[in-house]
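Participant: missing the sequence, but the structure's below:
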């Protein structure tokens with residue numbers, strides 16, 4: 001008889017034998033529209049048992065690889081910097097043990113905590129970013145730490161030309177002007193992704209891969225706090241994930257599922273499938 005411990009389906013290997021470590025960051029205290037992303041990681045784990053471990057897209061199975069799911073962090077809801085420090089500490093611990101941290105958000109600000117730890121180990125880090133939103137504001141209503149500012153804070157670390165943004169279709173004018181000079185932005189879709197990833201692969205550049213699930217069209221994925229008309233299909237996202245997986249990914253996350261905003265459960269089911277495909281593609 002075993003303890004009742006809920007993990008993402010197929011991710012129940014021991015820590016020492018695993019190359020990927022999954023953890024949740026249930027935080028959404030800076031959301032600018034509809035909250036609820038703090039419940040995303042728990043919902044993904046619970047609903048994953050409606051999913052098969054086998055991917056017909058990749059002809060791979062989660063039962064054939066070693067992934068450790070250490071559950072959700074306990075984060076301070078009212079103190080973003082304290083929450084980011086806890087995420088950074090957990091990511092650093094995983095990295096120091098020679099493993100890849102894979103985080104389930106949470107709002108997109110949580111990415112900054114993991115990027116801080118990964119950048120500490122890999123100072124030549126570059127970021128591949130899928131999102132509907134620029135996330136390049138210097139502040140949002142006076143707050144420097146907001147999910148609307150997360151890629152701007154990442155830029156503070158990695159510098160110009162090292163953030164590659166795709167599917168972007170929302171932001172204020174200043175964000176798009178900032179992107180022209182400081183990031184590699186590709187609006188609306190994945191055009192240019194193959195070329196970017198080939199260059200990263202050729203140079204064996206360490207890559208942090210962050211997926212805001214609202215990059216998908218809200219007619220397919222409405223369970224998110226800031227839905228934006230337009231966006232990509234699940235199949236387009238899957239093909240893009242497979243393209244990025246050819247690079248040297250050293251850290252990754254998915255975020256911004258707010259499960260209660262889609263009462264059908266379809267958004268959560270889609271997020272589960274995205275996570276399964278991401279795990280299988282980045283496993284080396």
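Facilitator: It's in. If you're wondering where the values come from, they're calculated on a predicted model, not measured in any experiment.
Participant: please settle this for me: is residue 42 part of a strand?
Facilitator: No - using DSSP: H, G, I helix; E, B strand; the rest coil, the assignment for residue 42 is helix, not a strand.
Participant: what about it, neighbour count?
Facilitator: If you count neighbours by other Cβ atoms under 10 Å, residue 42 ends up with 16. C-beta coordinates here come from the backbone N, C-alpha and C atoms, glycine included.
Participant: got the contact list for it?
Facilitator: 24, 26, 72 (Cβ atoms under 8 Å, 6 or more residues apart in numbering).
Participant: this structure: strands as residue ranges?
Facilitator: Per DSSP state E, the chain has strands spanning 20-25, 54-55, 60-61, 67-72, 100-105, 126-130, 163-168, 184-187, 206-212, 248-255. These are given in chain order.
Participant: in CSV: those strands, plus distance to residue 78.
Facilitator: Formatted as CSV, the strands of the chain follow (distance: least, Cβ to Cβ, whole Å):
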stretch, distance to residue 78
strand 20-25, 15
strand 54-55, 39
strand 60-61, 41
strand 67-72, 17
strand 100-105, 17
strand 126-130, 27
strand 163-168, 29
strand 184-187, 33
strand 206-212, 23
strand 248-255, 19
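Participant: out of these, which comes closest to residue 177?
Facilitator: Minimum separation from residue 177 across the strands of the chain (Cβ to Cβ) falls at strand 184-187, 10.7 Å.
Participant: so what does the closest one touch, helix or strand wise?
Facilitator: In this structure, strand 184-187 packs against strand 163-168, with contacts taken as 3 or more Cβ pairs under 8 Å, 6 or more residues apart in numbering; DSSP states H and E.
Participant: kindly recompute the last result at 10 Å.
Facilitator: strand 126-130, strand 163-168, helix 173-182, helix 193-202 (3 or more Cβ pairs under 10 Å, 6 or more residues apart in numbering; DSSP states H and E).
Participant: can you redo the ones you listed as TSV with mean pLDDT?
Facilitator: As requested, the helices and strands packed on strand 184-187 are arranged in TSV below (pLDDT from 0 to 100):
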stretch	mean pLDDT
strand 126-130	98
strand 163-168	98
helix 173-182	98
helix 193-202	98
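Participant: out of those, which gets nearest to residue 102?
Facilitator: Per Cβ to Cβ, nearest to residue 102 of those: strand 126-130, 14.4 Å.
Participant: strand partners (parallel or antiparallel) of that closest one?
Facilitator: With DSSP bridges as the test, strand 126-130 is paired with strand 163-168 (parallel), strand 206-212 (parallel).
Participant: go through it and flag the buried ones.
Facilitator: Neighbour-count burial for strand 126-130, counted by 16 or more other Cβ atoms under 10 Å, picks out 126-130.
Participant: just the helices in the stretch 1-150 of the chain please.
Facilitator: Secondary structure of the stretch 1-150 of the chain (DSSP state H, counting those that start in this stretch): helices located at 40-47, 80-96, 110-121, 150-158.
Participant: just the ones you listed: most buried one?
Facilitator: When the helices of the stretch 1-150 of the chain are scored by mean count of other Cβ atoms under 10 Å, the highest mean neighbour count falls to helix 110-121 (a mean of 24).
Participant: any idea how far residue 134 is from residue 191?
Facilitator: 17 Å (Cβ to Cβ, to the nearest Å).
Participant: and the two? which has more neighbours close in?
Facilitator: Neighbours per residue, other Cβ under 10 Å: of residue 134 and residue 191, the larger number sits with residue 134, 25 against 11.
Participant: could the helices and strands packed on strand 184-187 go into TSV alongside distance to residue 247?
Facilitator: Formatted as TSV, the helices and strands packed on strand 184-187 follow (distance: least, Cβ to Cβ, whole Å):
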stretch	distance to residue 247
strand 126-130	7
strand 163-168	10
helix 173-182	21
helix 193-202	4
